Structures are given as C-alpha cells and as structure tokens.
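Undergrad: Quick check, what structure comes out for this input:
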Amino acid sequence: MKTYLSLGSNLGDRYANFQTAIDAIHLYVGEILAVSTFYKTEPLNSPDATESQPEFLNAVLCCETTLTPEEVLQKILLVEQELGRVRKEGVHWGPRLIDIDILAMGDLIIEQPGLTIPHPEMHNRDFVLVPLSEIAPDFIHPKMKINISQMLENLNTRFVKN
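TA: Down below sits the predicted model:
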C-alpha cells in the first residue's frame, strides 16, 4: 500500500538524521518511491514553551508497504528510538532528533487510541503539505476529500522558509 510519512528534525545533524531514518524506513517498512526536498521551517512552539527552538528540517516520503498500519507505526517508533529520540512526558512539539509521522496509507481512515490516519493535523501544516505536494501533486485527503492545492489555499499559518 502506498504510504506517506513525514520527517522532522531540529537537533544534531538533521541531514544525517534524515538519511539514517530513510534508510531504516526502507529496511523496516518498504520500498522508498519518492522523497521530497528537505525544507527548513520555523518550529511549532508549544504554548507553554519557555525558550525558542532551533529551526526544523522537514520532508515527506512515499513508500510501498505490505505492513498493516499498526505495524508501520511500530516500525517508525523503532526507527525514532534507534536514532535516539526520547519522548518526554508532557512535552508537545518539543525539539527532537527525529520525528516520523504517518500522514496517509492509501485511502484508509483509522481513528483509534494511538493511531489516527490520515494524520489529524496534516491539512493545517505547510511543512507537511508543501513537501507532500512536491512528490504527490494529485494527493486527495482520504477523509476530507479535497486535493492538496485546496488544503494549501486554506492555510493561515506558514512555517516553510525556502
């Protein structure tokens, strides 16, 4: 099944983090069909953040997988852990070595604890939509039934710098 994943990093060697993550996704999840340009973006700061964060690098990739959504989630969490990501209790949108999210898997719509597909905020984030539009210009949101151009037009907030 065609699967879209987002990548984000704002700690360490962000480019190396991405390359290691992409290689691991190929190994654990499936064949990589496309990888977007790496975009520099402003951080999404938590309302309770006490200090600013370094800028992020964001990208989207498309892979072909035979895994279930639950298995894909398990594998990307493993990749994050192998790259040194530490999830801190109560910290949302904090700095990270790597962040990998499932954006969409075919036309699946899943809403269960710990797994929502398509990603519930993807339509609100230019740092997801801009790279996604680059590798999948005909993408239609499985739940909202609108195309990527419409999602981009509806955005109020911009984070992409290049």
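Undergrad: can we go C-alpha only for contacts and neighbour counts from here?
TA: OK.
Undergrad: With adjacent residues omitted, what lies nearest to Val128?
TA: Residue nearest to Val128 in three dimensions, not counting chain neighbours: Met122, with 6.2 Å by C-alpha to C-alpha, 6 or more residues apart in numbering.
Undergrad: what's around that neighbour, how many residues?
TA: Using other C-alpha atoms under 10 Å, Met122 is surrounded by 19 other residues.
Undergrad: ok, it to Gly114 distance?
TA: Met122 is 16 Å from Gly114, where distance means C-alpha to C-alpha, to the nearest Å.
Undergrad: do the same with Val86
TA: Relative to Gly114, Val86 is positioned 17 Å away (C-alpha to C-alpha).
Undergrad: Equivalent analysis for Glu42, please.
TA: Distance, Glu42 to Gly114, by C-alpha to C-alpha: 26 Å.
Undergrad: same thing with Leu97?
TA: For Leu97, the distance to Gly114 - C-alpha to C-alpha - is 21 Å.
Undergrad: follow-up on the earlier one: which of Glu42 and Gly114 has more neighbours?
TA: Between Glu42 and Gly114, counted using other C-alpha under 10 Å, the more crowded position is Glu42 (18 against 7).
Undergrad: Report the contact partners of that one.
TA: Glu42 makes contacts with 54-56, 159-161, as judged by C-alpha atoms under 8 Å, 6 or more residues apart in numbering.
Undergrad: Quickly name whichever of these is closest to Ile32.
TA: Of all those, Phe56 has the smallest distance to Ile32: 22.3 Å, by C-alpha to C-alpha.
Undergrad: so what's the closest one bridging to?
TA: With DSSP bridges as the criterion, Phe56 is bridged to Thr41.
Undergrad: Find the residue ranges of this protein scoring beneath the pLDDT cut-off.
TA: 45-51, 87-94, 162 (pLDDT under 70).
Undergrad: so where do the strands sit in it?
TA: In the chain, the strands defined using DSSP state E lie at 2-9, 31-35, 39-41, 56-64, 99-105, 110-112, 115-117.
Undergrad: could you redo those strands as CSV and give each row distance to Asn17 and mean neighbour count?
TA: Converted to CSV, these look like this (distance: least, C-alpha to C-alpha, whole Å; neighbours: other C-alpha atoms under 10 Å):
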stretch, distance to Asn17, mean neighbour count
strand 2-9, 7, 23
strand 31-35, 14, 17
strand 39-41, 14, 20
strand 56-64, 10, 24
strand 99-105, 10, 22
strand 110-112, 29, 12
strand 115-117, 24, 17
